[in-house]
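Trainee: Sequence and predicted model, in that order:
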Amino acid sequence: SQQGEEDPQALSIQEGENATMNCSYKTSINNLQWYRQNSGRGLVHLILIRSNEREKHSGRLRVTLDTSKKSSSLLITASRAADTASYFCATDASYNTDKLIFGTGTRLQVFP
Amino acid sequence: NAGVMQNPRHLVRRRGQEARLRCSPMKGHSHVYWYRQLPEEGLKFMVYLQKENIIDESGMPKERFSAEFPKEGPSILRIQQVVRGDSAAYFCASSPLAGNYNEQFFGPGTRLTVL
């Protein structure tokens, strides 16, 4: 079953607005990663946050992690049309393996 | 440093044929992962390999699917006797080290269509 569930499934905003996507997961993790996927393309790694971190920034991206609630959020500030893509969170499965378990994704549409 | 390479980018097969998907990890990376993505879904883990070893194949169907990562050359995901349900995008990722906190770098994917 999916480890992560993103919310919302789809989001439409105007350029300049902020976009917030949430991810919930089920089991203990070592880290959580966010990826972007443009339609029909591969995945681009955005940011990794470790289980002992609460917040991380990268450019216009801000990621938070709440391990007590098993949830994370990705905030894109001052969105641009080029941010239109699907966004996935991914967690590691356990301490013994390195596979990533992906959520179902949030499809973000930014209108110019 | 070239990224993860996958070929072909698109592959069309008829039912019953074999599909071979290739993945060349980033230079210096010895860990390879294969994932499958069905339309409108997230990626699902299939198999994790190191050079000449399958470490975790828990996500790979027991029949018709196999994977290898030889000492020399790319990793190969092989699907025998393909069926329509195998149509999906198959992504390969690589990482330099196993263990915690290692980012996986993804290739552009191979889109398999089974007619």
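Mentor: Everything's here; your move.

Trainee: hang on, residue A:44 packs against residue A:37?
Mentor: Yes: with contact defined as C-beta atoms under 8 Å, residue A:44 and residue A:37 form a contacting pair (7.2 Å). C-beta: built from backbone N, CA, C; applies to glycine.

Trainee: Mind checking which of the two has more residues around it?
Mentor: Higher neighbour count among residue A:44 and residue A:37: residue A:37, with 22 against 13, using other C-beta atoms under 10 Å in any protein chain shown.

Trainee: Which residues of chain A lie near chain B?
Mentor: Neighbours of chain B within chain A, by C-beta under 8 Å from any C-beta of the partner chain: A:2, A:4, A:30-31, A:33, A:35, A:40-45, A:48, A:50, A:88, A:90, A:92-93, A:95, A:97-105.

Trainee: Next step: the residues you listed restricted to helices.
Mentor: In helices, judged by DSSP state H, none of the residues of chain A next to chain B are found.

Trainee: from those, which would you call buried?
Mentor: A:4, A:30-31, A:33, A:35, A:42-43, A:48, A:88, A:90, A:92-93, A:98-105 (16 or more other C-beta atoms under 10 Å in any protein chain shown).

Trainee: for chain A, what are the low-confidence residue spans?
Mentor: A:1-4, A:93-97 (pLDDT under 70).

Trainee: now the nearest residue to residue B:53 once chain neighbours are set aside: how far from chain A?
Mentor: Leaving out its chain neighbours, the residue that sits closest to residue B:53 by C-beta to C-beta, 6 or more residues apart in numbering or on different chains is residue B:69, at 7.6 Å. Using C-beta to the nearest C-beta, to the nearest Å, one gets 14 Å for the distance from residue B:69 to chain A.

Trainee: pretty sure residue B:69 is touching residue B:75, no?
Mentor: Yes: using C-beta under 8 Å, residue B:69 is in contact with residue B:75, at 4.1 Å.

Trainee: Comparing the two, which shows the higher neighbour count?
Mentor: Taking other C-beta under 10 Å, residue B:69 and residue B:75 do not tie; residue B:69 has more neighbours (25 against 22).

Trainee: Contacts only, for that one.
Mentor: Going by C-beta atoms under 8 Å, 6 or more residues apart in numbering or on different chains, residue B:69 touches B:32, B:49-54, B:75-76.

Trainee: Which residue ranges of the chain form strands?
Mentor: Using chain A here. A:5-7, A:10-14, A:19-24, A:31-37, A:43-50, A:55-58, A:61-66, A:71-76, A:85-92, A:100-102, A:106-111 (DSSP state E).

Trainee: actually it's chain B I care about, not the one you picked
Mentor: Listed in chain order, the strands of chain B (DSSP E) span residues B:5-7, B:10-13, B:19-24, B:31-37, B:43-50, B:53-56, B:65-68, B:75-79, B:88-95, B:105-106, B:110-114.
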